[in-house]
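**Student:** Provided below for reference: sequence and predicted model.
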Amino acid sequence: MSLTASYFDLIAYLDRIENLPRIIDVKTLRLSKAGIEADKLNISITMYAYVLRKEGSK
C-alpha cells in the first residue's frame, strides 16, 4: 500500500487499524518527504492482515 499523508494522518491510520479485529504484521514501512512540502510524507507499507473470526457452534 502506498499513500501520501501527513505524519499525524499516518499515526491516526495505524491507530485505527490496530483496533480492528485482526492481526497486522508489518513487514516494511518506508517514509520519505513528498516533494518540497515538509508536512507531507510518501508512505509505503507492506503488511499482512489476518482476520480473527469466531468459529460457529456445530
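**Tutor:** All right, it came through fine.
**Student:** which SSE is residue 10 in?
**Tutor:** helix 7-18 (DSSP states H and E).
**Student:** gap between that helix and the chain center?
**Tutor:** Computed by C-alpha atoms, centre = their mean, to the nearest Å, the chain-centroid distance of helix 7-18 equals 7 Å.
**Student:** is it fair to say residue 41 lies in a helix?
**Tutor:** No. Applying DSSP: H, G, I helix; E, B strand; the rest coil, one finds residue 41 to be strand, outside a helix.
**Student:** need the contact list for it.
**Tutor:** Shown in contact with residue 41 (C-beta atoms under 8 Å, 6 or more residues apart in numbering): 4-7, 10, 31-34. For every residue, glycine as well, the C-beta is placed using N, CA and C.
**Student:** do the same with residue 26
**Tutor:** For residue 26, the contact set (C-beta under 8 Å, 6+ apart) comprises 45-47.
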